[in-house]
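Visitor: From the sequence below, what's the structure:
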Amino acid sequence: MTDGVYLGFGLGLRAQHYSAILENWPKVDWFEAMTEDYLVAGGRSLHYLRRIRERYPIVLHGVSLSVGSSDPINFDYLKKVKELATSIQPTWISDHLCWTGVHGLNVHDLLPLPYTEESMKHIVNRVQQIQDFLGRRILLENVSSYIEYRSSVMKEWEFLAAIAKQADCLILLDINNIYVNSINHQFNPLDYLDAMPVNRVQQFHLAGHADCEHYIIDTHDAPVVDSVWSLYDAAVRRFSKVSTMIERDDNIPELAELVEELQRAKQIAETIWGKENVCVA
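Guide: Here you go, the predicted model:
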């Protein structure tokens, strides 16, 4: 188990940066690798991942678990994830609290769930099976959403907190997604932070979005905005030392630019808790 492990400040590992990482070994504490990019036997991507793993901690972050789907759990997929984890030894494995398709069809999107007791029981059971198969606790991430279900009987944050407790899993708290949803669904994002169980939040995501005036789209194609930085400040005050990283999946800049942006997260944490408390031991 890796509960309570603190990695410091990291970045999403992207193919555009492979060479720059190996040439410069940037001052980044860790990298998050997209699980599906490395479920192969050999090849360029896996070669680079193994090289980078020699110098940095790695965590795996997936988009295909589809924990909320009504389809049976895809144990063929999980077997590949487990084999990759055996090879790479990631500090932890995460995926999303969502569904991504039905009847074997993957729509390649992270679709929201109805916040109901029935849905909760279904997901808790599946998470427990998944964790038993992998032999470790996983992290579930809150997703951005643009619709709500009439059948929902609780708030998103109540749903996530209850699942984490009942399934005994951990939480990857995406600060940008909280902000996006707070605008799209008109709630106070601080209520979300206050509802999260401190002992289950193991990682933060930060990312950029597109402001479409009446709604926001989670795009990961721009720098983190000031309002999300402010929410991150509040999150650090509540949760203390939580491993933090920046995601960029489109309009990806040079590695040095992302390393510089990551420094803002570190500076916020240092201002609140002191430099000696946010450094990786």
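
Visitor: Give me the distance from the lowest-mean-pLDDT helix or strand in the chain to the chain's centre.
Guide: Between all helices and strands in the chain, the lowest mean by mean pLDDT, DSSP states H and E belongs to strand 105-111, at a mean of 78. For strand 105-111, the distance from its own C-alpha centre to the chain's C-alpha centre is 17 Å (CA atoms, centre = their mean, to the nearest Å).

Visitor: strand partners of it, parallel vs antiparallel please.
Guide: If you go by DSSP bridges, strand 105-111 pairs up with strand 99-102 (antiparallel).

Visitor: So for the partner strand, what gets flagged as buried?
Guide: 99, 100 (16 or more other CB atoms under 10 Å). Where C-beta positions appear, they are placed from N, C-alpha and C, glycine not excepted.

Visitor: helix, strand or coil for residue 203?
Guide: Here residue 203 is strand, with the state taken from DSSP: H, G, I helix; E, B strand; the rest coil.

Visitor: ok, it - contacts?
Guide: 59, 92, 94, 139, 171, 172, 173, 242, 243, 244, 245 (CB atoms under 8 Å, 6 or more residues apart in numbering).

Visitor: let's see 6 Å
Guide: Residues in contact with residue 203 (CB atoms under 6 Å, 6 or more residues apart in numbering) are 172, 243.

Visitor: Wasn't residue 171 part of a strand?
Guide: Yes. Applying three-state DSSP, one finds residue 171 inside a strand.

Visitor: Counting neighbours, what do you get for it?
Guide: By other CB atoms under 10 Å, the residues close to residue 171 number 25.

Visitor: What of residue 24?
Guide: 12.

Visitor: Distance of it relative to residue 15?
Guide: As judged by CB to CB, to the nearest Å, residue 24 and residue 15 stand 16 Å apart.

Visitor: Also residue 45?
Guide: Taken as CB to CB, the span from residue 45 to residue 15 is 7 Å.

Visitor: before we move on, what about residue 197?
Guide: To residue 15, residue 197 is 35 Å away according to CB to CB.

Visitor: ok, now residue 64?
Guide: As judged by CB to CB, residue 64 and residue 15 stand 18 Å apart.

Visitor: More neighbours: these two, which one.
Guide: Neighbour count, other CB under 10 Å: between residue 64 and residue 15, residue 64 has more, with 18 against 12.

Visitor: ok, the more buried one - contacts?
Guide: Counted by CB under 6 Å, 6+ apart, residue 64 has contacts residue 36.

Visitor: same question, the one 3 residues further on
Guide: Taking CB under 6 Å, 6+ apart as the criterion, residue 67 is in contact with 123, 126.

Visitor: That one in helix, strand or coil?
Guide: Residue 67 is classified as coil under three-state DSSP.

Visitor: mind checking how far it is from residue 74?
Guide: Residue 67 is 11 Å from residue 74, by CB to CB.

Visitor: For the stretch 51-200 of the chain, which segments count as strands?
Guide: For the stretch 51-200 of the chain, the strands defined by DSSP state E, counting those that start in this stretch cover 58-61, 93-96, 99-102, 105-111, 139-141, 170-174.

Visitor: From the contact counts, what lies against the first one?
Guide: Which is strand 58-61. Strand 58-61 makes packing contacts with strand 30-34 when contacts are defined by 3 or more CB pairs under 6 Å, 6 or more residues apart in numbering; DSSP states H and E.

Visitor: ok, and for the strand it packs on, which residues are buried?
Guide: Those would be 30, 31, 32, 33, 34, for strand 30-34 by 16+ other CB under 10 Å.

Visitor: now the angle from that strand to strand 170-174?
Guide: With axes from the mean of the first three to the mean of the last three CA atoms, to 10 degrees as the basis, strand 30-34 and strand 170-174 are set at 90 degrees to each other.

Visitor: pLDDT weak spots in this protein?
Guide: Scanning the chain for pLDDT under 70 picks out the ranges 1-3, 107, 281.
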